[in-house]
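Undergrad: Okay, sequence plus prediction incoming.
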Amino acid sequence: MEENKEILNASPQPAPTGIQTEDPNGINIGGWLILFAIGIVITPFRVGFVLYQIISNITVPGVWQAITTPGMEAYHPLWQPIITAEIGVNTLIVITAVFIAVLFFLRKKIVPLAIIIYLLFSMVFVSLDYIFSNMIPAVSQANGKDMQGSISVIQAVGICLIWVPYFIISKRVKKTFVK
């Protein structure tokens, strides 16, 4: 009889739905973070492909020599430092994106700051690369025709305008990256 009174006085519990929205260590990755997760997983492959294209183009026999040897028709003094910087920085971006992706899925507390720094660095690099590359007449002419360099800068700025404030303000971000 005493047991029946306890059962009657107990507050009703909601039926389990099978969908877990929160775990003991914070909120699961969801909402807009899913879009960022997809982007950060794709980034190493996308930038890796760009690296492959750069290296493939400069390893064609005679190309590197033609663009870096004074007196050659295709020579410009900025070719070597720009290509070297692109290879180095894009390699760094691939490594950093992989590192951030791992920390992201482990939901480490440092992730929002790391992402903000990563995005701002990428935007500055893309912008500087565009500015200095356009100092080479052949690149400037190509950019004038297809607008790809301008589009890359606009994309980098747009990504920062969307994601940097999100990672600063979002309650979901604050509740997700807690470890």
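TA: Nice, thanks for sending it over.
Undergrad: which intervals of the chain have sub-threshold pLDDT?
TA: Low-confidence segments of the chain (pLDDT under 70): 1-27.
Undergrad: Please report how far Arg107 lies from Ile169.
TA: Note on Arg107: its distance to Ile169, by CB to CB, to the nearest Å, is 18 Å. Where you see a C-beta, it was placed from the backbone N, CA and C, and this is true even at glycine.
Undergrad: can you check Met123 too?
TA: With CB to CB as the criterion, Met123 and Ile169 are 19 Å apart.
Undergrad: Arg107 and Ile169 - which one has more neighbours?
TA: Using other CB atoms under 10 Å, the more surrounded residue of Arg107 and Ile169 is Arg107, with 19 against 9.
Undergrad: That one contacts Thr176, doesn't it?
TA: Yes: between Arg107 and Thr176 there is a contact under CB atoms under 8 Å: 5.7 Å.
Undergrad: For this structure, which residue occupies the most central location?
TA: In the chain, the centroid-proximal residue (CA atoms, centre = their mean) is Ile40; its distance is 5.0 Å.
Undergrad: name the helices or strands packed onto the longest helix belonging to the chain?
TA: For the chain, the longest helix by residue count, based on DSSP state H, is helix 79-106. Here helix 79-106 touches helix 33-58, helix 63-68, helix 111-133, going by 3 or more CB pairs under 8 Å, 6 or more residues apart in numbering; DSSP states H and E.
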